[in-house]
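Undergrad: Please find the sequence and the predicted model below.
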Amino acid sequence: MEAISLIDYAHAARNPQAVGRTVQLDEDRYRTARPITDPFRLFDCSRENDGCGVLLVTTAERAADLGNPPAYLASAVIGAPHDWGATLENDADYISGGYATLARRIWAETGLGPSDVDVAQVYDHFSGAAVASMIDFGFSPRRVRATSSP
């Protein structure tokens, strides 16, 4: 989560329109930031989470006329696991980012897997959810930190 937060703020500093562009974040500032809720610290939580993204999809024939080499879309899935919603906090697979079902579908539809991917762009406005989604898609191993009972 630390690495995600550090790189997010580093990229924001390069974007004159980013809300967090003036935040100077390094390892020490991240590690000493006030806790929000375990395991999240201040810089793991987005204060500016409204926004949007656009992916323009067209036919291969139309893309050929656009002047740049096209990127072909092998698959696209949308959905959520059964009973996804407000009760997620009580879900048996709490570590999941909610993408495990979609990951299985996209890998099955494309015949590809995590080892076939050179670059993945993952976004969530909380660093922990970004890590969980990378785990769901198989880009990172699932490791559960042992905690002691209070």
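TA: In hand now; what should we look at? Computed from a predicted structure; not experimentally measured.
Undergrad: so where's the chain shaky on pLDDT?
TA: 47-54, 78-96, 143-150 (pLDDT under 70).
Undergrad: isn't residue 114 right next to residue 136, touching?
TA: No. With contacts defined as Cβ atoms under 8 Å, residue 114 does not count as touching residue 136, sitting 10.4 Å away. The way it works is simple: take the backbone N, C-alpha and C, and place the C-beta from them, glycine included.
Undergrad: neighbour count winner among the two?
TA: Using other Cβ atoms under 10 Å, the more surrounded residue of residue 114 and residue 136 is residue 136, with 22 against 13.
Undergrad: Can you tell me the closest non-neighbouring residue to the more buried one?
TA: residue 99 (4.0 Å; Cβ to Cβ, 6 or more residues apart in numbering).
Undergrad: What of residue 123?
TA: residue 130 (6.8 Å).
Undergrad: Check which helix or strand that neighbour maps to.
TA: Assigned by DSSP states H and E, residue 130 belongs to helix 127-136.
Undergrad: The residue nearest to residue 136: what's it in contact with?
TA: Contact partners of residue 99, counting by Cβ atoms under 8 Å, 6 or more residues apart in numbering, are 132, 133, 136, 137.
Undergrad: distance of the third one from residue 116?
TA: Computed as Cβ to Cβ, to the nearest Å, the residue 136 to residue 116 distance reads 16 Å.
Undergrad: Residue 36 belongs to a strand?
TA: Yes. The assignment for residue 36 (DSSP: H, G, I helix; E, B strand; the rest coil) places it in a strand.
Undergrad: That one and residue 43 touch, don't they?
TA: No. Assessed by Cβ under 8 Å, residue 36 is found out of contact with residue 43, at 9.5 Å.
Undergrad: In terms of packing, which of those two has more residues around it?
TA: Neighbours per residue, other Cβ under 10 Å: of residue 36 and residue 43, the larger number sits with residue 43, 24 against 13.
Undergrad: Please report the distance of the residue nearest to residue 136 from residue 109.
TA: For residue 99, the distance to residue 109 equals 14 Å [Cβ to Cβ].
Undergrad: Might one say that residue 73 is in contact with residue 57?
TA: Yes. The criterion here is Cβ under 8 Å, and residue 73 meets it with residue 57 at 6.3 Å.
Undergrad: how does the chain divide into domains?
TA: Using automatic domain parsing, the domain parsing of the chain gives 1-50, 52-144.
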